[in-house]
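> Got a predicted structure plus its sequence, pasted below:
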Amino acid sequence: MLLRLLLLVTLIASAAAADDVPVPARGGALQTAIAGAAPGDVLILAPGRHDGPVTLAHPITLDGQGKATIDGGGQGSVITVTGDDITVRGLTVTGSGSDHQTIDSGVQLTKTARRAVIEGNRILGNLYGVDIHGADDSIVRGNTIEGRQDRRMNARGNGVYVWNAPGAQVVGNDIRFGRDGIFVNTSRRNVFRDNLFRDLRFAVHYMYANDSEVSGNVSIGNHLGYALMFSDRVKVLDNLSLNDRDHGVMLNYANSSDLRGNLVRGGAEKCTFIYNAHRNLIVGNRFEGCDIGIHFTAGSERNALTGNAFIGNRTQVKYVGTTDVEWSFEGQGNFWSDHAAFDLDGDGQADSPFRPNDLMDHILWSQPAAALLVGAPAVQLIRWSQSSFPATLPGGVLDSHPLMTPVRIDVPDDMADLARQSAGKWRDGKTDDAKFDPLTAH
């Protein structure tokens with residue numbers, strides 16, 4: 001009891017001693033102020049340029065009030081955080097080094113940092129934006145992060161890099177350019193919520209990161225929206241993928257995850273790609289206007305799909321296999337825009353089951369040269385016979401309880417405007433073309 005009282009008195013005394021310390025914008029002043037700051041002090045940086053790099057090792061706050069810049073001069077990380085309970089806010093942070101080995105960043109949180117808060121900053125033109133490198137319970141919130149554009153996309157750094165950082169939260173940031181928006185590797189219990197991603201390779205890129213959440217984010221005009229790779233028990237909820245080029249959502253060796261309420265719309269080669277992923281619940285999503293609505297392969301049959309809408313995709317489902325795969329769950333299937341169905345009993349479900357693919361689809365996928373025969377009478381005869389005699393159909397996806405009404409997912413007006421602008425860039429060829437295989441490129 002006495003020890004607790006002493007600790008409380010010490011904390012109260014420290015808080016009382018904390019002060020707002022003005023820091024002039026002149027050479028060496030910021031380093032001097034950091035060295036002399038007491039725990040809890042708030043360093044108020046004067047408008048203008050302050051010299052970096054700087055290291056923060058004890059609990060203080062740097063506050064630029066939206067008018068101060070810290071420039072690293074092209075050396076290492078601009079701000080390095082090594083201690084507990086440190087806040088960096090209201091600054092423009094620029095001028096990191098260019099070394100991937102040392103992960104030169106605008107702000108770097110090291111393994112010894114705890115409970116850091118990086119909020120309301122403009123982190124511009126650095127190799128990496130924020131590197132959360134083993135720092136527990138960090139928060140990166142409300143920042144504008146713009147990466148470099150002077151290298152090929154695959155040679156740039158990430159907006160936010162999360163490595164072995166349990167409890168990290170990346171919330172409400174605007175992340176643009178660079179390589180990946182958020183790249184998380186070997187971590188757990190992370191939350192990535194309400195971020196905007198543009199002009200990137202991947203918006204969110206998961207590798208070996210479990211028990212986490214990706215929710216409420218918007219990916220616009222990237223090569224790939226949300227890539228879950230080698231990760232388990234991830235909740236992917238209420239995200240938007242608008243005009244992403246290659247894939248909207250990808251599951252690669254991702255298991256026991258929940259994909260719910262997401263919208264992938266327009267432009268993507270594949271709205272969703274599922275590769276060797278199992279026991280996932282895919283429910284209430286809308287996949288619209290892609291070349292392929294959903295492509296699943298490599299033994300990905302053990303997933304539950306229900307309540308989704310497949311609308312206006314050139315090919316709704318691509319699945320090459322001999323197994324019958326049921327895509328309804330507990331009596332509820334999915335909506336298919338190309339299913340000419342009736343609902344005579346008015347229960348909201350079509351009166352006939354739906355198979356999105358037939359034998360000719362399988363032949364065309366495995367033998368693309370056969371596309372020359374699509375209009376031939378023999379091909380039309382095969383398709384007519386399969387529609388008339390379902391017993392001749394091969395294995396594939398079967399929705400026994402297709403829905404009559406699609407799930408609706410609205411897009412805010414400002415996000416729709418940004419999506420229209422990105423679509424113009426794709427058409428005009430004004431993009432940074434990153435050539436990569438999403439199954440191997442990390």
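It's in. Keep in mind the model is a prediction, meaning the values are calculated, not measured.
> Tell me how many other residues crowd residue 187.
Burial measure for residue 187: 23 neighbouring residues, criterion other Cβ atoms under 10 Å. C-beta here means a position set from N, CA and C on the backbone, and glycine is covered the same way.
> List the beta-bridge partners for it.
For residue 187, the beta-bridge partners under DSSP bridges are residue 209.
> thinking it is in contact with residue 206, fair?
No. Using Cβ atoms under 8 Å, residue 187 is not in contact with residue 206; the gap is 9.1 Å.
> Find residues that contact each of those two.
Overlap of the contact sets of residue 187 and residue 206 (by Cβ atoms under 8 Å, 6 or more residues apart in numbering) consists of residue 212.
> Give the buried residues for stretch 100-113.
Using 16 or more other Cβ atoms under 10 Å as the test for burial, stretch 100-113 gives 103, 104, 105, 106, 107, 108, 109, 110, 113.
> what are the C-alpha coordinates of stretch 254-273, in CSV please?
Written as CSV, here are the backbone C-alpha positions of stretch 254-273 (Å, rounded to 0.1, in the frame of the first residue of the first chain):
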residue,chain,number,x,y,z
ALA,A,254,-5.4,-17.3,-45.1
ASN,A,255,-7.7,-19.4,-42.8
SER,A,256,-10.6,-19.0,-40.4
SER,A,257,-11.1,-15.4,-41.3
ASP,A,258,-14.3,-13.3,-41.7
LEU,A,259,-14.9,-11.2,-44.9
ARG,A,260,-18.1,-9.3,-44.3
GLY,A,261,-19.7,-6.2,-45.8
ASN,A,262,-17.0,-5.4,-48.3
LEU,A,263,-17.5,-3.8,-51.7
VAL,A,264,-15.2,-4.4,-54.7
ARG,A,265,-16.3,-2.4,-57.7
GLY,A,266,-15.0,-1.7,-61.2
GLY,A,267,-11.8,-2.2,-63.0
ALA,A,268,-10.2,-5.2,-61.2
GLU,A,269,-9.1,-8.2,-63.1
LYS,A,270,-10.5,-10.3,-60.2
CYS,A,271,-12.8,-8.9,-57.5
THR,A,272,-11.7,-11.7,-55.2
PHE,A,273,-9.0,-14.3,-55.5
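> Please narrow the buried residues of stretch 100-113 to those residing in strands.
Residues of these located in strands (DSSP state E): 105, 106, 107, 108, 109.
> what's the farthest-apart pair in those?
106 and 109 (11.2 Å; Cβ to Cβ).
> circling back: in a markdown table: the ones in strands among the buried residues of stretch 100-113, plus pLDDT and distance to residue 420.
Below are these laid out as a markdown table (pLDDT from 0 to 100; distance: Cβ to Cβ, whole Å):
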| residue | pLDDT | distance to residue 420 |
| --- | --- | --- |
| 105 | 98 | 33 |
| 106 | 98 | 30 |
| 107 | 98 | 33 |
| 108 | 98 | 37 |
| 109 | 98 | 37 |
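> pretty sure residue 417 is in a helix, no?
Yes. According to DSSP: H, G, I helix; E, B strand; the rest coil, residue 417 belongs to a helix.
> what's the neighbour count on residue 247?
25.
> dump the residue contacts of the residue nearest in space to the middle of the chain.
Nearest to the geometric centre of the chain sits residue 204, at 2.5 Å (Cα atoms, centre = their mean). Going by Cβ under 8 Å, 6+ apart, residue 204 touches 180, 181, 182, 184, 192, 197, 214, 217, 219, 225, 226, 227.
> Now with 10 Å, please.
160, 170, 175, 180-184, 192, 195, 197, 214, 217, 219, 222, 224-228, 234, 236, 239, 249 (Cβ atoms under 10 Å, 6 or more residues apart in numbering).
> returning to that earlier point: just name the closest of the ones in strands among the buried residues of stretch 100-113 to residue 273, please.
Looking across these and measuring by Cβ to Cβ, the closest to residue 273 is residue 105, at 30.8 Å.
> Give the bridge partners for the residue nearest to residue 419 when sequence neighbours are not counted, please.
With sequence-adjacent residues excluded and distances taken as Cβ to Cβ, 6 or more residues apart in numbering, residue 419 is closest to residue 242, at 3.9 Å. Beta bridges link residue 242 to residue 220, residue 265, judged by DSSP bridges.
> For residue 242, report the pLDDT, please.
pLDDT recorded at residue 242 is 97.
> just checking, it touches residue 262?
No. Counting by Cβ atoms under 10 Å, residue 242 stays clear of residue 262, with 11.4 Å between them.
> Overlap in contacts, those two.
Residues touching both residue 242 and residue 262 (Cβ under 10 Å, 6+ apart): 225, 248.
> List only buried entries from the contacts of residue 204.
Neighbour-count burial (16+ other Cβ under 10 Å) applied to the contacts of residue 204 gives 160, 170, 175, 180-184, 192, 195, 197, 214, 217, 219, 222, 224-228, 234, 236, 239, 249.
> Thanks a lot, catch you later.
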